[in-house]
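Enquirer: Predicted coordinates and the sequence they were generated for:
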Amino acid sequence: MPKLEERLNSFLEMREFILLEKIGKGFSSEIFLVRSKLGEKFVLKIERDKSPRKEMARREAENLKKANSFGIGPKLIEFDLCQRAILMEFINGTPFGKWVLEHTPKKSALQKCIDSLLAQAQKLDAVGLSHGQLAGKGANILVKSNSEPVIIDFEKASQARKCNNYNQIRAFLFHNPHSAIARRVREILNS
């Protein structure tokens, strides 16, 4: 089995992409920002060599493809099962928690973001795709400059698990008494 570095280089070389930087490292994958020869930026996610989650690329590609069919998530560009890699749209955004706590959005921008986020969660529930990681610090929700949220990281999503995306988002945004994010959301909306 080729090592991650070999698979990364092969993927980039075959598509004439340039590696810009490593932007993340997860439990089962590493995430890179890459550029095409036309200058377009993409996110390349490659399964780590010793990942316990075999077939991460296949699972995430299936889940992301389903989410994309309802206008949710970064657009899936392609996936390569031999290289155990997924290429997707680059979302230039700020993680939701950081956006709320550090950028202090206006009430109207926050309301727009929350309305869109709840609508996306309802769609995911309706089609039977449980994201499973929409709470915490809000790291799997990126907010673009126009206040539009984009749900990312469908690696652990499931089409078999009971869907609670909508309730999970509501609890994350409004009901967690120990969350600085929920506290800040309430402060902004009640101002």
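Expert: In hand now; what should we look at?

Enquirer: quick one: secondary structure of Lys65?
Expert: For Lys65, the assignment made with DSSP: H, G, I helix; E, B strand; the rest coil gives helix.

Enquirer: So in terms of bridging, what pairs with the spatially closest residue to Arg161 that is not a sequence neighbour?
Expert: Spatial nearest neighbour of Arg161, chain neighbours left out: Ser130 (4.3 Å); criterion: Cβ to Cβ, 6 or more residues apart in numbering. For glycine as for every other residue, the C-beta is placed from the backbone atoms N, C-alpha and C. Note on Ser130: beta-bridge partners Ser158, judged by DSSP bridges.

Enquirer: Against Glu13, how distant is Ser130?
Expert: From Ser130 over to Glu13 the distance is 37 Å, taken as Cβ to Cβ, to the nearest Å.

Enquirer: between these two, who's got more neighbours?
Expert: Ser130 (20 against 9; other Cβ atoms under 10 Å).

Enquirer: The more buried one contacts Lys156, doesn't it?
Expert: No: counting by Cβ atoms under 8 Å, Ser130 does not reach Lys156; the two are 9.2 Å apart.

Enquirer: For Ile86, give me its contacts.
Expert: Applying Cβ atoms under 8 Å, 6 or more residues apart in numbering to Ile86 gives the contacts Leu44, Lys45, Ile46, Ala57, Glu60, Ala61, Leu64, Leu76, Glu78, Phe79, Asp80.

Enquirer: same thing with Phe172?
Expert: Per Cβ under 8 Å, 6+ apart, neighbours of Phe172: Leu134, Ala135, Gly136, Gly138, Ser179, Ile181, Ala182.

Enquirer: Give me the neighbour count for the residue lying closest to Glu62 once chain neighbours are set aside.
Expert: Setting aside the residues directly before and after it, Glu62 is nearest to Gln159 in space (Cβ to Cβ, 6+ apart), at 7.9 Å. Neighbour count of Gln159, defined by other Cβ under 10 Å: 13.
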